[in-house]
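Participant: only the shape, not the letters, is given here:
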Ligand code: AP5
């Protein structure tokens, strides 16, 4: 049973690394961002409540996110462990997890500069079907409109919160609400700090070595 978490600013590469690690360890990646975007797309009650916060680059209220994660953890594939991607993101979320008796084995904190965050996010593209992550310069899809990974056509899109203004707002939210988790997990002896700059393969090797 392995319970991991990817922590880091928007665009740090949490999703990119979590997707690969999940395959290697044969455990699911639980991305609260992906779950919230799906809820928003499907116009569920949760999605409707979360939408205005997401659209403004703010965090979704803790109670909504915690409730969603509690439900997700009941699914069978989470029994053998998981990688949280983007959760917990506030002290309240981290404390709720502890109260539920969920103890993370390792928290992988990926460090990148604000400039790199902008460079990465302004050219990010995602597949709406399989969630494959691309970058127009660093890792473009072979064809503009077709996903290399799942073959879906017309599925490559740019996230609505990847504009320069929203990225700034998300960075502000990260620094104010999420960065304190670095000290929280360091004190518990579970933090692994990873330099997130350099090619995705290099970052992956650093994570593998640290784990
Ligand atoms: P979420 O989807 O979690 O977004 P985020 O944290 O802002 O992170 P990103 O997905 O933008 O970046 P990433 O670190 O995964 O980077 P990626 O691998 O894609 O959350 C979205 C919203 O949902 C939040 O703003 C909030 O409203 C809400 N939310 C979610 N969870 C919540 C929670 N727990 N509580 C409250 N609200 C919540 O990489 C980025 C780009 O860089 C890609 O193009 C990629 O190809 C490229 N790249 C990656 N690594 C490298 C590398 N080493 N070199 C060059 N390029 C690279």
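Facilitator: All right, it came through fine. Keep in mind it's a predicted model, so treat the numbers as computed, not measured.
Participant: where in this structure is pLDDT low?
Facilitator: Scanning the chain for pLDDT under 70 picks out nothing.
Participant: which phi and psi does the closest residue to the ligand within it have?
Facilitator: Ranking the residues of the chain by distance to the ligand (Cβ to the nearest ligand atom) places residue 33 first, at 1.9 Å. Using the backbone N, CA and C atoms, a C-beta is placed for each residue, glycine as well. Backbone torsions of residue 33, given as degrees, to the nearest 10, read phi -60, psi -50.
Participant: leaving out sequence neighbours, find the closest residue to it.
Facilitator: What sits nearest to residue 33 in space, not counting adjacent residues and going by Cβ to Cβ, 6 or more residues apart in numbering, is residue 86, at 4.9 Å.
Participant: next one: that neighbour from residue 35, what distance?
Facilitator: Note on residue 86: its distance to residue 35, by Cβ to Cβ, to the nearest Å, is 9 Å.
Participant: if we can go back for a sec, contacting residues around the residue nearest to residue 33?
Facilitator: Shown in contact with residue 86 (Cβ atoms under 8 Å, 6 or more residues apart in numbering): 6, 14-15, 31-33.
Participant: including secondary structure and neighbour count, could the residues you listed go into a markdown table?
Facilitator: Converted to a markdown table, the contacts of residue 86 look like this (DSSP: H, G, I helix; E, B strand; the rest coil; neighbours: other Cβ atoms under 10 Å):
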| residue | secondary structure | neighbour count |
| --- | --- | --- |
| 6 | strand | 26 |
| 14 | helix | 26 |
| 15 | helix | 21 |
| 31 | strand | 23 |
| 32 | helix | 22 |
| 33 | helix | 19 |
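Participant: you'd agree residue 181 is in a strand?
Facilitator: No: with DSSP: H, G, I helix; E, B strand; the rest coil as the criterion, residue 181 is helix rather than part of a strand.
Participant: perfect, I'm done here.
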